[in-house]
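Visitor: How does the following fold in three dimensions:
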Amino acid sequence: MEHDGHTLLIHLGDEDGKGWTTIAVDRETRRWAVAQDRVQSGTARAAYDRLYEP
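Guide: Take a look at the predicted model:
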């Protein structure tokens, strides 16, 4: 889990170690977005971008 003043990122690794799911939550509004991929940093960026896209 990672967080700052605006966003909470929750990282879940697959049991077989072949991928990641990241849930991004806006702390003020509680809006959320999810991304899945093989690389943790990629899922974090994708979930964050989906959460805050216009």
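Visitor: Looking at the protein, which residue reaches furthest from the middle?
Guide: Here the centre of the chain is the reference, and by C-alpha atoms, centre = their mean the most remote residue is Asp16, at 19.3 Å.
Visitor: who does Asp37 bridge with?
Guide: Note on Asp37: beta-bridge partners by DSSP bridges are Trp20.
Visitor: Just give me the neighbour total for it.
Guide: 16 (other C-beta atoms under 10 Å). The way it works is simple: take the backbone N, C-alpha and C, and place the C-beta from them, glycine included.
Visitor: Secondary structure of the residue farthest from the centre of the chain: a strand, I assume?
Guide: No - judged by DSSP: H, G, I helix; E, B strand; the rest coil, Asp16 forms no part of a strand; its state is coil.
Visitor: Contact partners for it?
Guide: If a contact means C-beta atoms under 8 Å, 6 or more residues apart in numbering, then Asp16 has no contacts.
Visitor: cool, and Leu8?
Guide: 1-2, 24-25, 27.
Visitor: Could you do Leu12 as well?
Guide: 20-23.
Visitor: just Leu9 next, same as before
Guide: Neighbours of Leu9 in contact, by C-beta under 8 Å, 6+ apart: 1-3, 22-25, 44, 47-48.
Visitor: Now find how far off-centre the worst-scoring helix or strand of the chain on mean pLDDT is within its chain.
Guide: When the helices and strands of the chain are scored by mean pLDDT, DSSP states H and E, strand 2-3 comes last with a mean of 92. Chain-centre distance of strand 2-3: 10 Å, with C-alpha atoms, centre = their mean, to the nearest Å.
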